[in-house]
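S.K.: structure for this input, please:
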Amino acid sequence: MNIDFNFSSALQVCQEIGVRLRAHRLAQNMQQSELAAKAGVSKLTIINLEKKGTVTFLSFIQVVRALGLLDDLSDLFELQAKSIAMMEAADVATKRVRASSRRKRLA
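M.R.: Residues are numbered from 1 along each chain as shown. Below you'll find the model as predicted:
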């Protein structure tokens, strides 16, 4: 059963992510020690991630990569335009824009 992140504490979200990563590890029939070796982290790091969800961000990325899930993060914080105003603002933010000249042209 997945939790609704909107109604969960930060710790609950971390724990749920740990549970999900454990499920991926088990689906790949991998032991914690194998995943730790593949990710370049300690077995204790894997244990902490799966039980508490509390590891460094770097360790998290290493484990996600070792599980072959790195592509799943590519859209994680992608800016999604939700209105015309937001699309226009995003468009302006991505285009190179120069400030207009303050000097008046002499005729």
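
S.K.: for residue 23, give its distance to residue 69.
M.R.: 11 Å (CB to CB, to the nearest Å). C-beta coordinates here come from the backbone N, C-alpha and C atoms, glycine included.

S.K.: cool, residue 6 as well?
M.R.: 22 Å.

S.K.: neighbour count: these two, which is higher?
M.R.: More neighbours surround residue 69 than the other of residue 6 and residue 69, with 13 against 6 (other CB atoms under 10 Å).

S.K.: not counting sequence-adjacent ones, nearest residue to that one?
M.R.: Nearest non-adjacent residue to residue 69, counting by CB to CB, 6 or more residues apart in numbering: residue 24, 6.4 Å away.

S.K.: residues near the one you found, how many?
M.R.: Using other CB under 10 Å, residue 24 has 16 other residues around it.

S.K.: elements contacting the longest helix belonging to the chain?
M.R.: What stands out as the longest helix in the chain, according to DSSP state H, is helix 10-27. Packed against helix 10-27 by the contact rule (3 or more CB pairs under 8 Å, 6 or more residues apart in numbering; DSSP states H and E) you find helix 43-51.

S.K.: who's in contact with the helix it packs on?
M.R.: 15, 18-19, 21-22, 25, 32-33, 35-36, 39, 54-55, 59-60, 63 (CB atoms under 8 Å, 6 or more residues apart in numbering).

S.K.: may I have that helix as PDB, with CA atoms only?
M.R.: Taking Å, rounded to 0.1, in the frame of the first residue of the first chain, the C-alpha atoms of helix 43-51 are listed here in PDB:
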ATOM      1  CA  LYS A  43      25.500  -2.600   4.200                       C
ATOM      2  CA  LEU A  44      24.500  -0.500   7.100                       C
ATOM      3  CA  THR A  45      23.600   2.300   4.700                       C
ATOM      4  CA  ILE A  46      21.300  -0.100   2.800                       C
ATOM      5  CA  ILE A  47      19.700  -1.100   6.100                       C
ATOM      6  CA  ASN A  48      19.200   2.500   7.200                       C
ATOM      7  CA  LEU A  49      17.800   3.400   3.800                       C
ATOM      8  CA  GLU A  50      15.300   0.500   3.700                       C
ATOM      9  CA  LYS A  51      14.100   0.900   7.400                       C
END
